[in-house]
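**Q** this one's sequence-less:
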């Protein structure tokens, strides 16, 4: 795999994370969702919640022989693919949501899905481990509001926070809470491990690509 990682946001909780020709996708919306699903082939698709805004994985499924098929990961547990170790960790008590943590190109990624708890459970934080890039909901039904989201990010202490599932007013409030009002949206994030050296927590806002 390439040492370069490219992250693209597609609205709601949906992201494409690509390294070379290896493609991960998180929470693509289903056809029934009000959110538009992207169209690309993914090697691995993560689904955090069995909900139309998160579970449209078939839209990104590769067609072909067994070796080329898309791997669906849709719940808690430990997984391995292409030498990448992945953790799916349950959260939100009785409301099923899966948080995903993995390392790609020596960069630790955590996607909180539809996380809605006011605090990070110590066990969840330990399971997630050190986080370089955090995909953080700051709106959405049953998920965090901007104020709580800022507190969660401060607790996890990632190098980069990428907010998701928000409307403009929620984004403005989150950036104010985080002291990052001057952040300008970007089309995508292109990053290498060395770019994270000595970095303190920074907010990166990505424009939805759909």
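**A** Arrived safely, thanks for sending. Quick caveat, the model's predicted, so the values are computed rather than measured.

**Q** ok, the residue lying closest to residue 99 once chain neighbours are set aside - how many residues close by?
**A** For residue 99, ignoring the flanking residues on the chain, the nearest one in space by Cβ to Cβ, 6 or more residues apart in numbering is residue 89 at 4.6 Å. In this view, the C-beta of every residue, glycine as well, is placed from N, C-alpha and C. Taking other Cβ atoms under 10 Å as the neighbour definition, residue 89 ends up with a count of 22.

**Q** In terms of helices and strands, where is residue 89?
**A** strand 84-91 (DSSP states H and E).

**Q** List of residues touching that strand?
**A** Applying Cβ atoms under 8 Å, 6 or more residues apart in numbering, the contact partners of strand 84-91 are 44, 46, 73, 75-80, 96-104, 112-113, 115, 117, 121, 124, 127-128.

**Q** Buried only: go through the residues you listed for me.
**A** By neighbour count, with 16 or more other Cβ atoms under 10 Å, those hold 44, 46, 73, 76, 79, 96-102, 104, 112-113, 115, 117, 124, 127-128 as buried.

**Q** which residues sit in contact with residue 132?
**A** Contacts were defined as Cβ under 8 Å, 6+ apart; by that measure residue 132 touches 107-109, 158-160, 196.

**Q** before we move on, what about residue 205?
**A** Taking Cβ under 8 Å, 6+ apart as the contact definition, residue 205 lies against 162-163, 171, 175, 183-186.

**Q** Look up the pLDDT of the residue nearest to residue 99 for me, please.
**A** Residue-level confidence at residue 89 comes out at 96, pLDDT.

**Q** Distance-wise, check residue 127 relative to residue 136.
**A** With distances taken as Cβ to Cβ, to the nearest Å, residue 127 is found 17 Å from residue 136.

**Q** In space, what's closest to residue 57 - neighbours in sequence excluded?
**A** Distances taken as Cβ to Cβ, 6+ apart put residue 45 closest to residue 57, at 4.2 Å, once the chain neighbours are dropped.

**Q** do residue 11 as well
**A** Spatial nearest neighbour of residue 11, excluding adjacent residues (Cβ to Cβ, 6+ apart): residue 208 at 3.9 Å.
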